[in-house]
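*Asks:* Would you be able to build a 3D model of this:
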Amino acid sequence: MAERLVSALRPRAVEVADLHREQFDPRFTPVDRRACHEDGNHPPDVVREHRRLDRATDLVLVFPVYWWSMPALLKGWIDRAFVNGWAFELSTESGVRPRLQRLTTHLLPIAGADSGTYERHGYEPALRTQIEHGAVDYVGSRRGVTAFIHESEQLSPAATAASVTRAVRRQRGRTEGEDCFRGLTCWTCWTGSDGHCSPA
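*Replies:* Numbering: from 1, shown residues only. All right, here's what the predicted structure looks like:
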């Protein structure tokens with residue numbers, strides 16, 4: 001999926017951050033908490049993510065849906081990267097002041113269930129509220145395109161490819177005409193011993 005998206009966005013410059021392959025540590029440790037609330041001295045891996053985001057105009061989060069939400073790895077990345085003092089300012093005097101207005105954030109959730117299941121149970125609006133409103137809006141980032149890929153584990157490779165193509169076209173269409181586009185794609189799929197992920 002990430003490769004298809006990168007190919008569609010060329011010749012624009014695109015940086016891919018594969019959090020699983022890079023072994024990003026999602027744990028919010030006492031060091032992270034101290035940096036967030038006291039000294040602003042963030043761990044080197046968090047500083048690296050901040051520098052990546054500083055280079056980007058658009059952030060595309062590509063992730064499998066696990067139990068109708070994001071995987072723990074992506075949640076930990078947001079916890080550690082979108083922190084007080086960098087992504088927003090929080091104070092008793094002024095409340096929350098977002099700081100990532102220059103960034104547009106897009107979502108590409110990869111779902112195992114069909115669109116009807118998501119509609120009947122309200123899973124799509126629940127996930128969008130959690131991520132778009134709860135994280136993207138909170139840090140002041142502009143909302144980009146959210147394009148679900150449903151039935152990602154279909155027996156027909158052609159049907160899966162068609163779903164991916166539709167999602168990529170939506171993302172590509174959103175960025176057409178933006179001469180300065182530089183995307184940052186985060187691919188966060190946990191793989192099992194058989195090399196496959198099992199999204200919900």
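*Asks:* roughly how far apart are residue 41 and residue 99?
*Replies:* Counting by C-beta to C-beta, to the nearest Å, the gap from residue 41 to residue 99 is 18 Å. Where C-beta positions appear, they are placed from N, C-alpha and C, glycine not excepted.
*Asks:* between the two, who's got more neighbours?
*Replies:* residue 99 (17 against 9; other C-beta atoms under 10 Å).
*Asks:* show me what contacts the more buried one?
*Replies:* 86, 87, 88, 89, 139, 140 (C-beta atoms under 8 Å, 6 or more residues apart in numbering).
*Asks:* Switch these over to JSON lines; also include secondary structure.
*Replies:* Output for these, formatted as JSON lines (DSSP: H, G, I helix; E, B strand; the rest coil):
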{"residue": "86", "secondary structure": "coil"}
{"residue": "87", "secondary structure": "coil"}
{"residue": "88", "secondary structure": "strand"}
{"residue": "89", "secondary structure": "strand"}
{"residue": "139", "secondary structure": "coil"}
{"residue": "140", "secondary structure": "coil"}
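*Asks:* Kindly write the ChimeraX command that selects the buried subset of those.
*Replies:* In ChimeraX, this line selects whichever of those come out buried by 16 or more other C-beta atoms under 10 Å:
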select :86,87,88,139,140
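*Asks:* What is the lowest-pLDDT residue among the contacts of residue 99?
*Replies:* In terms of pLDDT, residue 89 ranks lowest among the contacts of residue 99, with 92.
*Asks:* Can you lay out the contacts of residue 99 as a markdown table showing distance to residue 66?
*Replies:* Shown next, in a markdown table, are those (distance: C-beta to C-beta, whole Å):
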| residue | distance to residue 66 |
| --- | --- |
| 86 | 27 |
| 87 | 24 |
| 88 | 26 |
| 89 | 31 |
| 139 | 23 |
| 140 | 27 |
